[in-house]
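J.: With the sequence up front, the predicted model follows.
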Amino acid sequence: MKYQINGVGLNVHDQGDGEPVLVFLHYWGGSSRTWIEVIKRLETNFRCLAYDHCGWGDSDKPTNGYRMADLADDAEALIETFRLQHFVLVGHSMGGKVAQLVASRRPAGLAGLLLVAPSPPVPMAVPLEQRMQMIQAYGARQRVEFLIEHVLTATQVSEEHREMIIQDTLKGAPQAKRAWPEAGMIEDISQFVGNITVPTLVLAGEKDQVERLEILKRELVPRIPGTQMKVISKTGHLSPLEVPDEIAGDIWKFLGSLPG
């Protein structure tokens, strides 16, 4: 269902019941559907809100509104629209960077931060030419198929999920596809993440070629006070679809460790 958030229609899936409410933010190229398998394993005990970022999935595709601050504003406005009083942010890749920025603003009711293969708060060391190639790669089915096989995953995903990844990637608005390589992934939000005060857990794939372990250990974990990291063996960047049992299990354990 679509909700008007900051003047933009965002597609939101609201499933399950129970607190804390889980607010899921997806990766660059994905949609709320990226979390479908994880949510299936959690919705019997927790309310799960997963939404399509501006320009992705079935959300509106305006000409602007794709900066990190814009996406964080959308997340905050969605939380206010749903009047969430006790919630945890669960962000994947780009969504993880957005979640970091939201958490740094210390919204009322935030109980924890869970980052799955997250982008670090510092600019990613990717040359301009390579970033422009990323945009082109998201424009053709064959190129997306190559990325799934050689970059995004380290384990086999089902044909159904493979097709879903392809369709979600191709469906993104051109302006949304450009925004991350042109600006988002090189934006520095490291001056803000030290303000995060809630318990934080990073779930990192051992074989992730996008958000590499050594970068997360050096540039993310030390910057957020008290952050813990778990390495998921033999897993790539799309861990919510590669190993949903493990991701859901770790989320469950994390929620159980939260104070109160």
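T.: That came in fine, so what should we check first? Numbering: from 1, shown residues only.

J.: Below-threshold pLDDT in the stretch 1-150 of the chain: ranges please.
T.: Nowhere does the stretch 1-150 of the chain drop to pLDDT under 70.

J.: Tell me where it has strands.
T.: Ranges of strands in the stretch 1-150 of the chain, per DSSP state E, counting those that start in this stretch, are 2-5, 8-15, 21-25, 48-51, 87-92, 110-116.

J.: What's the local residue count around the nearest residue to Met1 once chain neighbours are set aside?
T.: Nearest residue to Met1, sequence neighbours excluded (Cβ to Cβ, 6 or more residues apart in numbering): Val12, at 6.1 Å. Every C-beta, even on glycine, is put in place using the N, C-alpha and C of the backbone. By the measure other Cβ atoms under 10 Å, the count of residues near Val12 is 20.

J.: surely Val12 meets Leu78?
T.: Yes - under the criterion of Cβ atoms under 8 Å, Val12 makes contact with Leu78 at 7.0 Å.

J.: For the two, list the residues in contact with both.
T.: 3, 49, 51 (Cβ atoms under 8 Å, 6 or more residues apart in numbering).

J.: ok, what's across the strand from the last one?
T.: Legend: beta-bridge partners of Tyr51 under DSSP bridges are Val12.

J.: Run through the residues that contact Gly139.
T.: Counted by Cβ under 8 Å, 6+ apart, Gly139 has contacts 170, 177.

J.: What backbone torsions are found at it?
T.: Gly139 adopts backbone torsions of phi -110, psi 0, taken as degrees, to the nearest 10.

J.: Kindly provide the distance from it to Gln228.
T.: To Gln228, Gly139 is 38 Å away according to Cβ to Cβ, to the nearest Å.

J.: Gln191 now?
T.: From Gln191 to Gln228 the distance is 22 Å (Cβ to Cβ).

J.: still on that earlier bit, got the contact list for the residue nearest to Met1?
T.: Counting by Cβ under 8 Å, 6+ apart, Val12 has contacts 1-3, 32, 49-52, 78.

J.: one more time with 7 Å, if that's ok
T.: Residues in contact with Val12, defined by Cβ atoms under 7 Å, 6 or more residues apart in numbering, are 1, 3, 49, 51.

J.: ok, now which ones touch the closest residue to the third one other than its chain neighbours?
T.: To tie it back to what came earlier, the one meant is Leu49. Leaving out its chain neighbours, the residue that sits closest to Leu49 by Cβ to Cβ, 6+ apart is Val23, at 5.0 Å. Going by Cβ under 7 Å, 6+ apart, Val23 touches 49, 79, 87, 89-90.

J.: Okay, helices next: where are they in the stretch 51-200 of the chain?
T.: Under the criterion DSSP state H, counting those that start in this stretch, the stretch 51-200 of the chain carries helices at the ranges 68-81, 94-104, 128-137, 141-147, 159-171, 174-182, 190-193.

J.: So which elements touch the second one?
T.: The one in question is helix 94-104. Packing contacts for helix 94-104, counted by 3 or more Cβ pairs under 7 Å, 6 or more residues apart in numbering; DSSP states H and E, involve strand 21-25, helix 68-81, strand 87-92, strand 110-116, helix 190-193.

J.: Redo these as a markdown table? Include distance to Glu43.
T.: What follows is the helices and strands packed on helix 94-104, written out as a markdown table (distance: least, Cβ to Cβ, whole Å):
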| stretch | distance to Glu43 |
| --- | --- |
| strand 21-25 | 9 |
| helix 68-81 | 18 |
| strand 87-92 | 13 |
| strand 110-116 | 16 |
| helix 190-193 | 29 |
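
J.: gap between stretch 239-246 and the chain center?
T.: Centre-to-centre, stretch 239-246 and its host chain are 14 Å apart (Cα atoms, centre = their mean, to the nearest Å).
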